[in-house]
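# Below is the structure, and that's it, no one-letter string:
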């Protein structure tokens, strides 16, 4: 049995089913096993399908469990109203958008969908900065999986505009961000609205790039907006 096969088997045997946050590892071909946190919400019983949140952490000084920290400090309090299962990996490379990370993240999401009762029509990718770039990337390329995106302080990179926001997308960006410029985010949202995309933009004043906590209230509004879009689709 190969190391990857063994890791996959161990992960399957360790899948928790009671509410709480758990740290595990997932095989990432071409890189070390990808550490990730899984949060199961209160009331999960395995019978009622839940939404799924893929949380993509920002860059900066990374450490083991960075994804878990991001999810617990920002994503869980901001999106608690969704009652979702949250999966928060540590990026296996330097970017959420290279081939290795892309494959690893998609396989992790599919694994969670197999192991838990997930509503495939309510899967959202959420990220900040590096993770916001990842949210644009994954929501534009994998609309078969992701049915909404929430982008915080993230650039679109080189994604062509025709592929952006083809699922409901909520963009949050601070005018006082000193790392990722505000103006391009505002501009791309205006252009996407002209294309009649389902997209919302919330500009902030005050939070800098390094005060993610200033985004939590906006994230809560984003979650409610996404939930309303899902209802409309249903």
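Now that the structure is in, tell me what you want to look at. Predicted model only: the values in this text are computed from it and were never measured.
# C-alpha from now on. contacts and neighbour counts both.
Noted.
# what's the host helix or strand of residue 223 packed up against?
In the assignment (DSSP states H and E), residue 223 maps to helix 216-233. Packing partners of helix 216-233 (3 or more Cα pairs under 8 Å, 6 or more residues apart in numbering; DSSP states H and E): helix 76-78, strand 169-174.
# Minimum distance to residue 121: which of the ones you listed has it?
Checking the helices and strands packed on helix 216-233 against residue 121 by Cα to Cα gives strand 169-174 as the closest, at 14.5 Å.
# As a check, name the ranges of all strands in this protein.
Along the chain, the segments classed as strands by DSSP state E run 20-26, 34-40, 50-56, 85-89, 118-128, 148-152, 169-174, 199-204.
# so who does the nearest residue to residue 155 once chain neighbours are set aside touch?
Once flanking residues are discounted, residue 155 sits nearest to residue 133: 5.2 Å by Cα to Cα, 6 or more residues apart in numbering. Applying Cα atoms under 8 Å, 6 or more residues apart in numbering, we find residue 133 in contact with 96, 97, 127, 151, 154, 155, 156, 157.
# 6 Å - rerun?
154, 155, 156 (Cα atoms under 6 Å, 6 or more residues apart in numbering).
# Could you give the number of residues near the closest residue in space to residue 227 that isn't next to it in sequence?
Closest residue to residue 227 apart from its sequence neighbours, by Cα to Cα, 6+ apart: residue 82 at 7.3 Å. Residue 82 has 19 neighbouring residues, counting by other Cα atoms under 10 Å.
# what pLDDT does residue 82 get?
Looking at residue 82, its pLDDT stands at 97.
# ditto for residue 7
Residue 7 is given a pLDDT of 44.
# could the strands of the chain be laid out in CSV, adding mean pLDDT?
Shown next, in CSV, are the strands of the chain (pLDDT from 0 to 100):
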stretch, mean pLDDT
strand 20-26, 94
strand 34-40, 96
strand 50-56, 98
strand 85-89, 98
strand 118-128, 98
strand 148-152, 98
strand 169-174, 98
strand 199-204, 98
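# now those strands in CSV, with distance to residue 75 and mean neighbour count?
Listed next are these as CSV, based on distance: least, Cα to Cα, whole Å; neighbours: other Cα atoms under 10 Å:
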stretch, distance to residue 75, mean neighbour count
strand 20-26, 13, 16
strand 34-40, 11, 22
strand 50-56, 7, 26
strand 85-89, 8, 28
strand 118-128, 8, 23
strand 148-152, 11, 28
strand 169-174, 14, 26
strand 199-204, 17, 18
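# Quick one, which of those strands gets closest to residue 231.
Residue 231 lies closest to strand 118-128 among those, at 9.7 Å (Cα to Cα).
# What strands line up against that closest one, and which way round?
strand 50-56 (parallel), strand 148-152 (parallel) (DSSP bridges).
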